[in-house]
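Peer 1: here's a sequence, model it:
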Amino acid sequence: MGLLIIDEKKCRKDGICARECPAAVINLSENSIPEILPDTEARCMDCGHCVAICPHDALRHARISAAGSPAIQPALVIDAARAEQFLRSRRSVRRYHAKPVEKEKIQRLIEVARYAPTAGNGQSVEWIVIGDGERLRRIRVLTVDFMRELVKNPQAVAAAPYLPATIAAWDAGNDSILRGAPTLVTAIAPASARLGLVDLTLALSYLDVFAQSMGLGTCWAGLVSGALENSAAVREAACIPENYTHYYSIMLGYPAVQYHRLPERKTPKITFVE
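Peer 2: Numbers count the residues shown, from 1 in each chain. Below you'll find the model as predicted:
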């Protein structure tokens with residue numbers, strides 16, 4: 001049996017799946033039934049386009065779960081106005097309740113985030129979730145230690161003038177690193193993933209936006225991510241494997257604040273080339 005499983009009673013032989021296949025591996029047999037020839041199966045990316053595009057529900061893919069490929073429900077499709085408000089209402093949360101985030105909610109967030117696009121459908125993004133208070137404190141302390149060394153260089157301070165104030169806030173007893181977030185989520189990808197940083201950034205963006213629908217808040221942990229990039233001690237504390245060269249962290253928790261308006265942003269600079 002090949003990769004494609006066709007219900008010939010439902011198939012209309014319209015060739016839509018073949019035309020939409022990104023890898024161009026779907027052919028039409030003599031009787032116009034879609035098939036992937038054995039010598040081209042290795043080129044299939046398992047992207048699921050063929051499953052998603054068939055309007056007749058006539059096609060299944062041997063490596064893509066039918067149970068995990070539900071039909072799109074029109075009742076759940078949101079209109080443009082709702083989508084715009086949802087996206088614009090996302091804020092970077094910098095004050096959190098001490099309440100830990102339930103593992104089930106984190107699991108669901110990541111389950112949704114895995115549907116973000118990845119280069120060549122590589123799906124190489126993995127996740128490290130840290131909720132242990134002592135380990136989070138170690139990450140904070142090591143990040144501040146890294147920053148103390150960094151500010152000894154005047155050029156570094158000129159490039160990032162917020163660093164001295166961030167350190168001063170920490171020394172005054174304020175968590176200027178993780179803002180009291182009870183959870184740190186880091187998306188990682190191995191060195192072999194050529195566009196791993198792009199892949200994990202897209203996945204984190206999915207998680208970031210979806211979190212608000214679950215009553216959770218997020219903030220991209222740029223200070224920690226900068227320390228991860230330059231400090232082996234911080235990478236070890238954050239449990240980054242040695243052969244994973246792509247990573248970025250995001251804070252996660254229950255917001256201690258609530259927002260009520262949608263502030264304006266700068267007018268986008270757009271160049272249309274026709």
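Peer 1: please name the nearest non-neighbouring residue to Val144.
Peer 2: Trp170 (5.1 Å; CB to CB, 6 or more residues apart in numbering). C-beta: built from backbone N, CA, C; applies to glycine.
Peer 1: separation between the one you found and Arg140?
Peer 2: Taking CB to CB, to the nearest Å as the measure, Trp170 and Arg140 are separated by 8 Å.
Peer 1: same check, this time on Ala66
Peer 2: Distance from Ala66 to Arg140, by CB to CB: 45 Å.
Peer 1: between these two, which is the more surrounded one?
Peer 2: Arg140 (21 against 11; other CB atoms under 10 Å).
Peer 1: OK, contacts around that one?
Peer 2: Counting by CB atoms under 8 Å, 6 or more residues apart in numbering, Arg140 touches Trp170, Asp175, Ile177, Leu178.
Peer 1: is Arg91 in contact with Gln258, as I believe?
Peer 2: No - between Arg91 and Gln258 there is no contact under CB atoms under 8 Å: 9.7 Å.
Peer 1: ok, the two, which is more surrounded?
Peer 2: For Arg91 versus Gln258, neighbours defined as other CB under 10 Å are more numerous around Arg91 (16 against 7).
Peer 1: how about the contacts made by that one?
Peer 2: Here Arg91 is in contact with Gly217, Tyr259 (CB under 8 Å, 6+ apart).
Peer 1: pretty sure Pro161 belongs to a strand, no?
Peer 2: No - in this structure, Pro161 is coil, not part of a strand, as judged by DSSP: H, G, I helix; E, B strand; the rest coil.
Peer 1: that one - how many residues pack around it?
Peer 2: For Pro161, using other CB under 10 Å, the count is 9.
Peer 1: what pLDDT does it get?
Peer 2: Per-residue pLDDT puts Pro161 at 94.
Peer 1: quickly list the domain ranges of this protein.
Peer 2: Per automatic domain parsing, the domain ranges recorded for the chain read 10-61, 83-253.
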